[in-house]
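> Here is a sequence with its predicted model. Questions after.
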Amino acid sequence: MKRTRILSILLCLLLLACQPTPEHEAVVPPDGYEAAIQKQQDRTAYDPSVLPPEHWSEVMELPYWNITIDADVSPNAAGAVPVYESAYLTMDDLPEQADKVKRTLVRDATAVSDAVFTKADWYRQIQLYADTPVWDEKTGDYTRYPTDAEVDAYRRDLSSFIDTAPNEQEYRPFSPATDAIPNDALYLLSDGTLARMRCDTKDLYICYGADLFFNVFDQTEPYVLQGGALLGEPAGTTIEGVTVDRADAEAQALSLLQSLSLDGFKVASAEKARFVNEYTRTNVAVGWRVTLGRAEGDYETAGNTIPQKLYHRSDPADGASYRPYWDWEEIQIFVDQTGVRSFWWTHPTKRPRLVNEAVEILPFEEVQEIIRTHLNNLLSWEEDNPIWREDYAGRSKNLVAHVGLYFGIIPKKNDVDTFYYGPVWIVTVQQYPADADVPALPYLMASSTRYLHINAIDGSLLSYHT
């Protein structure tokens with residue numbers, strides 16, 4: 001009976017997740033931002049008397065649960081800010097820049113191989129599978145190894161790859177300055193290190209050291225802390241053995257960007273991280289993942305720590321052109337005690353072009369009221385769902401933990417090809433079960449974290465998501 005009830009709840013939640021987001025009260029006319037940019041009017045310097053507070057504390061009471069606002073406000077800016085224009089690109093749209101990045105990343109290479117897996121690599125893959133304990137749902141533990149039948153089935157699944165793989169890697173001499181760069185290849189560097197680089201439409205990735213090539217994935221410490229990052233790993237687990245200093249890791253990341261001529265990026269976050277082998281579940285490397293995002297001037301960058309999901313749709317009268325979801329442009333660089341181990345540049349955008357030096361943002365008192373309105377609209381809708389109330393024993397807890405002004409993406413009306421980079425208030429909303437001790441362990445105990453993006457010029461809602 002209990003299993004049936006749980007399945008019913010999950011099914012209802014799935015159906016609800018597929019429902020369109022309800023209409024919310026419009027705070028300002030949607031054309032306000034466009035109009036503000038087109039005015040091209042200069043503003044005076046910031047007036048300190050209208051600066052928002054450095055900290056915002058209050059409690060919003062809803063019928064079934066409360067919203068606690070206990071948030072630092074940063075930067076506590078007011079007045080006028082610049083606005084930029086940009087566009088979504090692919091690596092093919094910036095061949096010269098992408099080529100320079102690729103050649104610089106393999107500048108020490110002396111040989112290249114187009115092959116990635118040899119027959120021996122595939123056979124080793126099969127052996128790893130056979131030697132790796134399998135999670136047993138019945139016992140809730142790694143209590144058995146794959147059966148012979150399971151190993152044979154795995155071998156059959158890989159047979160087409162094995163048949164076409166070379167017997168060994170065949171390297172040819174390579175000159176980083178003149179030779180063509182394959183989209184996916186292995187490189188032998190002058191010091192004997194192996195590097196693998198691949199370039200796709202939306203991203204460019206390289207890692208140094210054969211131990212990072214196959215069967216590994218990376219995880220940051222905030223993710224590990226929540227528990228379950230590896231099956232059976234308890235909450236509160238930390239990443240041990242990091243010997244490189246955070247400041248040094250950030251400095252190495254910024255130095256690498258400078259050598260690649262990638263400017264216009266700022267550090268969004270630096271978090272302890274690890275590369276883990278998926279079969280042995282052991283750490284291959286530990287260090288820092290430094291994430292950098294687009295930012296200009298005095299703006300802070302949101303980066304992937306506070307992602308912004310936007311869909312762009314033009315007027316149906318114009319042919320209903322539509323831009324699918326495009327991730328925030330960012331660069332992730334993993335640094336350990338040996339130096340830079342991986343570089344990942346994803347979802348490039350055009351270098352921002354200044355279109356207005358000074359567009360006035362709303363006074364923070366208005367922004368606060370807009371945030372209250374949106375939180376009430378969005379969370380009241382969840383309150384009206386009886387499954388939510390039952391799941392949280394009639395009362396949940398919500399904490400607004402941070403309010404920040406960032407360099408954010410704002411779509412243009414009826415334009416799917418270009419967008420604005422401008423001021424966006426991003427509100428971090430953490431949700432907790434009813435019995436959680438808030439805010440004793442806010443990140444660790446939060447059941448979900450959501451981000452509310454608000455246009456800082458006209459107050460319109462840009463996105464709200466997990």
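That came through fine. Being a predicted model, the structure only gives us computed values, none of them experimental. Residues are numbered from 1 along each chain as shown.
> Low-confidence ranges, the stretch 1-150 of the chain, go.
Counting by pLDDT under 70, the ranges of the stretch 1-150 of the chain that qualify are 1-51, 64, 76-78.
> quick one: the strands in it?
55-61, 66-74, 80-87, 109-113, 134-136, 141-144 (DSSP state E, counting those that start in this stretch).
> Give the buried residues for the second one.
The one in question is strand 66-74. Neighbour counts over strand 66-74 (16 or more other C-beta atoms under 10 Å) mark 67-71, 73 as buried. (Each C-beta comes from the backbone N, C-alpha and C, glycine too.)
> Reformat the strands of the stretch 1-150 of the chain as CSV; add distance to Val216.
Shown next, in CSV, are the strands of the stretch 1-150 of the chain (distance: least, C-beta to C-beta, whole Å):
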stretch, distance to Val216
strand 55-61, 41
strand 66-74, 36
strand 80-87, 34
strand 109-113, 20
strand 134-136, 19
strand 141-144, 19
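> Can you give me the domain boundaries for this protein?
19-88+354-465, 91-114+172-346, 116-168 (automatic domain parsing).
> ranges for the strands of the stretch 301-450 of the chain?
312-313, 322-323, 330-336, 339-346, 353-360, 397-412, 415-432, 448-455.
> Can you list the strands that the strand or helix carrying Lys266 pairs with?
In this structure, Lys266 sits in strand 265-277 according to DSSP states H and E. Strand 265-277 pairs in its sheet with strand 216-220 (antiparallel), strand 283-294 (antiparallel), by DSSP bridges.
> Deepest-packed of those, please.
Of all these, strand 283-294 has the most neighbours on average by mean count of other C-beta atoms under 10 Å, namely a mean of 23.
> For that one, what does the pLDDT average out to?
Here strand 283-294 scores 96 as its mean pLDDT.
> got the angle for that strand vs strand 80-87?
110 degrees (axes from the mean of the first three to the mean of the last three C-alpha atoms, to 10 degrees).
> and the closest residue to Thr280 other than its chain neighbours, how many neighbours does it have?
Leaving aside its chain neighbours, Thr280 sits nearest to Thr132 (7.4 Å; criterion: C-beta to C-beta, 6 or more residues apart in numbering). Using other C-beta atoms under 10 Å, Thr132 has 16 neighbouring residues.
> Wait, Thr132 touches Pro146, no?
Yes. Using C-beta atoms under 8 Å, Thr132 is in contact with Pro146, at 7.5 Å.
> between the strands of the stretch 1-150 of the chain, which gets nearest to Ile333?
For Ile333, the closest of the strands of the stretch 1-150 of the chain is strand 109-113, at 19.0 Å, according to C-beta to C-beta.
> List the strands paired with the closest one, with their directions.
Partners of strand 109-113 in its sheet, by DSSP bridges: strand 172-173 (antiparallel), strand 184-189 (antiparallel).
> Need the contact partners of it.
169-174, 176, 179, 182, 185-190, 195 (C-beta atoms under 8 Å, 6 or more residues apart in numbering).
> now stretch 154-166, how far from the centre of its chain.
34 Å (C-alpha atoms, centre = their mean, to the nearest Å).
> Restricting to C-alpha, output that stretch in PDB.
Output of stretch 154-166 as PDB, limited to C-alpha atoms (Å, rounded to 0.1, in the frame of the first residue of the first chain):
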ATOM      1  CA  TYR A 154      28.200  -5.900 -22.400                       C
ATOM      2  CA  ARG A 155      30.900  -7.300 -24.700                       C
ATOM      3  CA  ARG A 156      28.300  -7.700 -27.500                       C
ATOM      4  CA  ASP A 157      27.200  -4.100 -27.000                       C
ATOM      5  CA  LEU A 158      30.700  -3.000 -27.600                       C
ATOM      6  CA  SER A 159      31.500  -5.400 -30.500                       C
ATOM      7  CA  SER A 160      31.100  -2.900 -33.300                       C
ATOM      8  CA  PHE A 161      33.500  -0.500 -31.600                       C
ATOM      9  CA  ILE A 162      36.000  -3.200 -30.900                       C
ATOM     10  CA  ASP A 163      35.900  -4.400 -34.500                       C
ATOM     11  CA  THR A 164      36.700  -1.000 -35.900                       C
ATOM     12  CA  ALA A 165      39.300   0.100 -33.300                       C
ATOM     13  CA  PRO A 166      43.000   0.000 -34.200                       C
END
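> Please verify my assumption that Asp263 contacts Leu257.
Yes. Using C-beta under 8 Å, Asp263 is in contact with Leu257, at 7.4 Å.
> of these two, who's got more company?
Shown here are Asp263 and Leu257; by other C-beta under 10 Å, Leu257 has more neighbours (20 against 8).
> End to end on stretch 215-230, go ahead and measure it.
Start-to-end span of stretch 215-230 (C-alpha to C-alpha, to the nearest Å) is 14 Å.
> pLDDT on that stretch, on average?
On average, stretch 215-230 scores 88.
> Report the separation between the nearest residue to Arg353 once chain neighbours are set aside and Pro95.
Computed as C-beta to C-beta, 6+ apart, the closest residue to Arg353 that is not its neighbour in sequence is Glu85, at 5.0 Å. According to C-beta to C-beta, to the nearest Å, Glu85 stands 22 Å off from Pro95.
> got it, and Ile333?
23 Å.
> between these two, who's got more neighbours?
Using other C-beta under 10 Å as the criterion, Ile333 and Pro95 rank with Ile333 on top: 25 against 9.
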